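Trainee: take a look and give me a structure for this.
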Amino acid sequence: MSVAAATAVTHPLDVLKVRLQMQRIGQRGPLIGMGKLSMEVVKSEGPRSLYLGLTPALMRSVLYGGLRLGLYEPSKYVCEMAFESTNVLMKIASGAFSGAFATALTNPVEVLKVRLQMNTKVKSGPVQEFRKIASEEGVAALWKGVGPAMTRAAALTASQLATYDESKLALMKCTSMREGFYLHLTIIAGAVSTVITAPIDMVKTRLMMQRESKRAGNYKSGFHCAYQVLLTEGPRGLYKGGFALFARLGPQTTITLILCEKLRELTGLKAL
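Mentor: Here you go, the predicted model:
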């Protein structure tokens, strides 16, 4: 529920991020900024275009987000039992596992979301588009980009939740702050996550869009895609859409974790 609420609020930034990542494929040159792109999209496609792919995004947030957050604590418990330790490395490993596992199961919904966000000509609903991808490109197409997606989710969850977990312990140890809204609001795990995951997120988007974009149709793997982007678009190419990603991940992380902690409190669960 917490991830779905955060997704609904920040979805327009996700649409802009995907559009920014798909600009100037294989070319160097000046890039359109997020502000200018948002005005162009609204002007040419209407305000509703900023909510393209919202249905699969919400579906993914419930499945992927629920698994990603829900598996973190059990994974920590298993690590504690196996290694008799709860240090930061165990927390990173727990976050990486829960993020990667959740993505492996929900990748088809992510492919559908990215396709709908880029394709304004799609008149059918998400279910029809899902069937179209499976029938025209094969069921395997629903797992396009699953490698980079799992890598990104592992890095995102590990950096987000391990940073959040350790920051809470440090703040409670060094200050008078205790579990509650102000402590959860103080911690910004989104900044760390953005720097780590922006290039992987860009590669994931390019791989998922291969059939839709003829120019992005010859990547053999995630490493090949990253190499081609570096070669043809320069190092900045890997951070296309990075600002939009940061603008989205910051508020999304904050909303998700604050709501998650509050819901856990209401249901009688201890804090993360």
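Trainee: so which helix or strand of the chain has the lowest pLDDT on average?
Mentor: helix 181-186 (a mean of 62; mean pLDDT, DSSP states H and E).
Trainee: next, count neighbours for Gly53.
Mentor: Close neighbours of Gly53, defined as other CB atoms under 10 Å, add up to 25. Using the backbone N, CA and C atoms, a C-beta is placed for each residue, glycine as well.
Trainee: check which helix or strand the nearest residue to it once chain neighbours are set aside maps to.
Mentor: Spatially, and ignoring its direct neighbours in sequence, Gly53 is nearest to Leu116 (3.6 Å; CB to CB, 6 or more residues apart in numbering). Taking DSSP states H and E as the criterion, Leu116 maps to helix 88-118.
Trainee: what are the buried residues along the next helix or strand after that helix?
Mentor: Going down the chain from helix 88-118, the next helix or strand is helix 126-137, by DSSP H and E. For helix 126-137, the neighbour count (16 or more other CB atoms under 10 Å) marks 126, 129-130, 133 as buried.
Trainee: next one: stretch 223-240
Mentor: Within stretch 223-240, judged by 16+ other CB under 10 Å, the buried ones are 225-226, 228-229, 233, 237-240.
Trainee: and the furthest pair within these?
Mentor: Largest separation among these by CB to CB: Gln228 and Tyr239, giving 15.4 Å.
Trainee: quick one: pLDDT of the residue nearest to Gly53?
Mentor: We have a pLDDT of 87 for Leu116.
Trainee: neighbours around it, how many?
Mentor: 23.
Trainee: domain assignment for this structure?
Mentor: Following the TED database, one finds the domains of the chain at 53-176, 178-271.
Trainee: ok, Arg178 - contacts?
Mentor: By CB atoms under 8 Å, 6 or more residues apart in numbering, the contact set of Arg178 is Met172.
Trainee: ok so, going back, dump the buried residues of helix 126-137 to a markdown table, plus distance to Phe246.
Mentor: A markdown table is the format used below for those (distance: CB to CB, whole Å):
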| residue | distance to Phe246 |
| --- | --- |
| Pro126 | 28 |
| Glu129 | 29 |
| Phe130 | 30 |
| Ile133 | 30 |
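Trainee: where does the stretch 101-250 of the chain have low pLDDT?
Mentor: 120-123, 180-193, 211-217 (pLDDT under 70).
Trainee: hmm, try it at 80
Mentor: 119-125, 163-164, 166-171, 175-196, 210-218, 242, 246-247, 249-250 (pLDDT under 80).
Trainee: about what we covered before: which among the buried residues of stretch 223-240 gets closest to Ile25?
Mentor: Glu233 (7.7 Å).
Trainee: let me see the contact set for the closest one.
Mentor: 24-28, 240.
Trainee: now the buried members of the residues you listed.
Mentor: Neighbour-count burial (16+ other CB under 10 Å) is assigned, among these, to 24-25, 240.
Trainee: put together CSV for those, with distance to Leu169 and secondary structure on each row.
Mentor: Output for the buried ones among the contacts of Glu233, formatted as CSV (distance: CB to CB, whole Å; DSSP: H, G, I helix; E, B strand; the rest coil):
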residue, distance to Leu169, secondary structure
Arg24, 43, coil
Ile25, 44, coil
Lys240, 36, coil
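Trainee: is His224 in a helix, a strand, or coil?
Mentor: Assigned with DSSP: H, G, I helix; E, B strand; the rest coil, His224 falls in the helix class.
Trainee: any figure for the gap between it and Glu137?
Mentor: Here His224 is placed at a distance of 19 Å from Glu137 (CB to CB, to the nearest Å).
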